[in-house]
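[1] Following is a predicted model, sequence given first.
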Amino acid sequence: MQQKNKVAVIYGLWFADLLSIILSFVLSTYIRFGNFRDMGDRQIHFQVALCMLLSCTIYSFFIDWNRDFVRRNIGKELFAIARYEGVLIAVAGFVMFLLKWSDPFSRVVMLIFIPLNFGITLSVHGILKKIYRTHFSSDKSMIKVLLVTQSDLLDKTLERLKKELDISYRIVGIACIDGGGKGNSEDDIPIVASAENLIPTATAMALDEVFINAPGTPQNEIDKLIIAFGEMGINCHYNLQRENIQLGSSKLDSFGSYSVITYTRFQKSYKRLLVKRFIDLAGGLAGAAITVLFYPFVAAAIKLESKGPVFFSQLRVGRNGRRFKIYKFRSMYQDAEEKRKELENRNEIQGGYMFKITDDPRITKVGAFLRKTSIDELPQFFNVLKGDMSLVGTRPPTVDEFEKYNQYYRRRISMTPGLTGMWQVSGRSEIDDFDQVVKLDLQYIDSWNLRLDMKILFQTIGVVLFRRGAK
């Protein structure tokens, strides 16, 4: 299981188990005494409950009893909870005996607590398991993998990975590096590339990680692949350690039961990414509330000047190639997309990687004001709440722009796109070189931390208030 998913499982179950103990203990005490006034020595009872909570914490983090939680079936789950309950009772009993709490503590409470906590824990685990499985297997959370292998190893590698990878991984394509294999595998996974077109094909795919199992391929060819995938911002797993590759950092890891060395350019702290998501949710809720307040006035102004919908939506490319719809208040005439083709020759960004012209005739008068004040981007807070975007990140390209990317440009989508970012606060209207945009985006990715996000957010406030860089 990927590290961020492990963190979510461990902390989520730890919190749920603590709540289960508290609820079971309170109910057991109430069932025994009918109230909380006649429970005898309250301090002893609270201390026993605290002892169980501490035992649960130690068992969750040091024993790591939930490491196979998502994969284990009902039989293994019953056995795991029974073992966990045994540890709780054994530790509590030992402490009660050692500190002589046995006499003032009600044994009936303990007898009620054991089956009650077992049932509550089993029920909570069932609910959480369903939530985790649904979340981990969703398209947004799914880790999309490209398998690079040889035709003679294809079936064996697929069979092994199918047994050993958890539900958060999905093999979305296969590249037979020796040119063998056509169509689909036995699991209906498409064979999408050979050695000749592997990198261009991978560049255009929605892809998070690559697993290479090609021992018959020369080392210099493998090195080129690892470097290329690293430039795209895609984690690359290889089942043999490779020397003389300086690409971000690497670590010995496992992929299923394969021993691999993982090369990555983005050193993620999953706890900090979790904090980033909480900040996004808080900011997204606040921004969505502001959007609702602005809506009647903005909608009236847009409708009075031009026909068409209040909102504009467009398909964009998000983290690692995922498509999503971005939302804005409409700032252009309704036929803006059709007229763009007529204006391509005036594009100030070379190569068509972005589209920008001065005094764009497609923009309405109301739209010009909305853009200058950045009010047009308020609906993107709903994209933040959905998880398609973050408050701070890189600019999400359109599908047409993305299809023109090379492997170097692709790395700028290796993080979740943002409402604002480093190039936006660096004077986006003055930048007409796409390579400079990419340079700023990659600088953000390579140096990302929570402090940088807060700095960019405060700078964005200044940009919006003083209308710098938005024309």
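    In hand now; what should we look at?

[2] Residue 451 - how many residues pack around it?
    Look at residue 451: counted by other C-beta atoms under 10 Å, it has 8 neighbours. Just so you know, the C-beta spots here come from the backbone N, C-alpha and C atoms, and that holds for glycine as well.

[3] Secondary structure element for it, which one?
    Assigned by DSSP states H and E, residue 451 belongs to helix 450-466.

[4] Walking through the stretch 301-450 of the chain, point out its helices one by one.
    Taking DSSP state H, counting those that start in this stretch, the helices of the stretch 301-450 of the chain run over residues 336-343, 365-372, 380-386, 399-402, 407-410, 434-446, 450-466.

[5] hmm, back to that, could I get the average pLDDT for the helix holding residue 451?
    Helix 450-466 shows a mean pLDDT of 87.

[6] quick one: contacts of stretch 45-57?
    Outside stretch 45-57, the residues that touch it by C-beta atoms under 8 Å, 6 or more residues apart in numbering are 14, 17-18, 21-22, 25, 29, 39, 87-88, 91-92, 95-96, 101, 105-106, 109.

[7] again, only this time at 7 Å
    14, 17-18, 21, 25, 29, 39, 87-88, 91-92, 95-96, 101, 105 (C-beta atoms under 7 Å, 6 or more residues apart in numbering).

[8] Only whichever of those residues are buried, select them in ChimeraX.
    Restricted to buried positions by 16 or more other C-beta atoms under 10 Å, the ChimeraX selection for the contacts of stretch 45-57 reads:
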select :14,17,21,25,29,39,87,88,91,92,95,96,101,105
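
[9] for the chain, what helix or strand is lowest in average pLDDT?
    Each helix and strand of the chain was given a mean pLDDT (mean pLDDT, DSSP states H and E); the minimum falls on helix 336-343 at a mean of 73.

[10] Can you tell me what sits against that helix?
    With C-beta under 7 Å, 6+ apart as the criterion, helix 336-343 contacts 355, 357, 362.

[11] okay, those residues in JSON lines with neighbour count, distance to residue 271 and pLDDT next?
    Listed next are the contacts of helix 336-343 as JSON lines, based on neighbours: other C-beta atoms under 10 Å; distance: C-beta to C-beta, whole Å; pLDDT from 0 to 100:
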{"residue": "355", "neighbour count": "16", "distance to residue 271": "38", "pLDDT": "76"}
{"residue": "357", "neighbour count": "16", "distance to residue 271": "43", "pLDDT": "77"}
{"residue": "362", "neighbour count": "18", "distance to residue 271": "44", "pLDDT": "87"}
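
[12] how about the residue of the chain positioned farthest from its centre, secondary structure?
    Centroid-distance maximum for the chain: residue 103 at 51.3 Å, with C-alpha atoms, centre = their mean. Under DSSP: H, G, I helix; E, B strand; the rest coil, residue 103 falls in the coil class.

[13] re earlier: return the subset of the contacts of stretch 45-57 lying in helices.
    Among the contacts of stretch 45-57, the members falling in helices are 14, 17, 18, 21, 25, 29, 87, 88, 91, 92, 95, 96 (criterion: DSSP state H).

[14] So for the nearest residue to residue 317 once chain neighbours are set aside, what's the pLDDT?
    Closest residue to residue 317 apart from its sequence neighbours, by C-beta to C-beta, 6 or more residues apart in numbering: residue 402 at 4.3 Å. Per-residue pLDDT puts residue 402 at 91.

[15] quick one: residue 402 from residue 177, how far?
    25 Å (C-beta to C-beta, to the nearest Å).

[16] Comparing these two, which residue is more hemmed in?
    Of the pair residue 402 and residue 177, residue 177 is the one with more neighbours under other C-beta under 10 Å, namely 25 against 19.

[17] that older thread, and the helix holding residue 451, what does it pack against?
    Other elements packing on helix 450-466 under the criterion 3 or more C-beta pairs under 7 Å, 6 or more residues apart in numbering; DSSP states H and E are helix 270-305, strand 390-392.

[18] possible to save the ones you listed as CSV with mean neighbour count and mean pLDDT?
    Putting the helices and strands packed on helix 450-466 into CSV (neighbours: other C-beta atoms under 10 Å; pLDDT from 0 to 100) gives the following:
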stretch, mean neighbour count, mean pLDDT
helix 270-305, 15, 91
strand 390-392, 27, 95
